[in-house]
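1. The following block contains a protein sequence and its predicted model.
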Amino acid sequence: MPTDVPSAKSPFDASTERVERVLCFTAHPDDIDFGAAGTIAAWTAAGVQVSYCIMTDGDAGGFDPVDRERIIELRAEEQKRAAALVGVTDIHYLHERDGYLEPTHGVIKQVVKLIREIRPDIVLTMHPERNWDRLQKSHPDHLAAGEAVTRAVYPAVENPFAYPELAEAGLEAYKLPWLWFISSPEARENHFVDVSAHVSAKLDAIRVHASQHPDVEAMERVVRGLMHHNGHRAGLPEGTSAEGFHVVSVNGSSTIAGF
């Protein structure tokens, strides 16, 4: 399992929590690799089943005008290859338009449907709060993805009367234990994972998204710097690489119906 760093602020105790399935929702192809590929590589290496749901096709991304006609196909190919490098083969798409993602009931219903189908221990998604320290983390689609997933997680996914057609189709309500956020404001991050053993896999996965990186060397410097910064914030030895998350307990030992 990942080497989770004990923290007084984190509600998640990796020594006692059993994680078998994780479902990740992000706005665009490559978001998950920047945010959590090291942790995902550690999970899959430990036998955890990890699934991705990419909510848009990433059709507004890239820098080469020549690729516009096949950008959706290109980005899907990149995500498939990147996912395989960290042990993930189950990838879903909502096919929303890049730059136009909103937390509508149509989107939320699709999120609820997939959570009820997979019934994960952890849902991982993008943070719905804007990060003023690094605005690039807060693309409007990122915020919309986080808001849509948060609304789906509570109360819709556990309410049998929300989107009743899903229950009628056999997708029963489900109480999700944990919600993990990436791209969070630093003040919100309360949990760190030491990914030093998986830095190469993370960088390899990010490199696959070649259509998105006009300067690969600069990208790698920034990513390594952010991981070392997280390691320092987690109190780990100098040079340790870590990924940071805002972890929320949705249904735990202290939860009662609706509270």
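-> Good, I have the coordinates. Worth saying up front: this structure is predicted, and the values here are computed from it rather than measured. Numbers count the residues shown, from 1 in each chain.
2. just so I have it, where are all the strands in this structure?
-> 3-5, 21-26, 49-56, 90-96, 122-126, 178-182, 191-194, 242-249 (DSSP state E).
3. could I get these as CSV with distance to residue 140, mean neighbour count and mean pLDDT?
-> Every C-beta, even on glycine, is put in place using the N, C-alpha and C of the backbone. What follows is the strands of the chain, written out as CSV (distance: least, CB to CB, whole Å; neighbours: other CB atoms under 10 Å; pLDDT from 0 to 100):
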stretch, distance to residue 140, mean neighbour count, mean pLDDT
strand 3-5, 31, 20, 79
strand 21-26, 14, 24, 98
strand 49-56, 11, 24, 98
strand 90-96, 12, 17, 98
strand 122-126, 11, 27, 98
strand 178-182, 16, 23, 98
strand 191-194, 26, 24, 97
strand 242-249, 19, 24, 97
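4. how about TSV for those strands, with distance to residue 212 added?
-> Formatted as TSV, the strands of the chain follow (distance: least, CB to CB, whole Å):
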stretch	distance to residue 212
strand 3-5	29
strand 21-26	13
strand 49-56	13
strand 90-96	17
strand 122-126	16
strand 178-182	17
strand 191-194	24
strand 242-249	19
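5. the inter-axis angle of the longest helix seen in the chain versus strand 242-249?
-> Using DSSP state H, we find that the single longest helix of the chain is helix 216-233. For helix 216-233 against strand 242-249, the angle by axes from the mean of the first three to the mean of the last three CA atoms, to 10 degrees is 60 degrees.
6. Centre of the chain to helix 216-233, how far?
-> 18 Å (CA atoms, centre = their mean, to the nearest Å).
7. same question, stretch 61-71
-> 25 Å.
8. Stretch 165-185 too?
-> With CA atoms, centre = their mean, you get 14 Å for stretch 165-185.
9. can you start the count at 35 instead of 1 from here on
-> Okay, residue one is now 35; in that scheme the one you just asked about reads as stretch 199-219.
10. Distance across that stretch, terminal residue to terminal residue?
-> With CA to CA, to the nearest Å as the measure, stretch 199-219 spans 36 Å from end to end.
11. Buried residues of that stretch, list them for me.
-> 200, 205, 207-208, 210-219 (16 or more other CB atoms under 10 Å).
12. re the thing from before, out of the strands of the chain, the one nearest residue 180 is which?
-> Among the strands of the chain, strand 156-160 comes nearest to residue 180, with 4.4 Å by CB to CB.
13. tell me the angle the closest one makes with strand 55-60.
-> Going by the same axes, to 10 degrees, strand 156-160 makes 10 degrees with strand 55-60.
14. Who are the packing partners of strand 156-160?
-> Judged by 3 or more CB pairs under 8 Å, 6 or more residues apart in numbering; DSSP states H and E, strand 156-160 is in contact with strand 55-60, helix 65-79, helix 174-187, strand 212-216.
15. what distance separates the first one from the centre of its chain?
-> Taking CA atoms, centre = their mean, the mean C-alpha location of strand 55-60 is offset from the chain mean by 6 Å.
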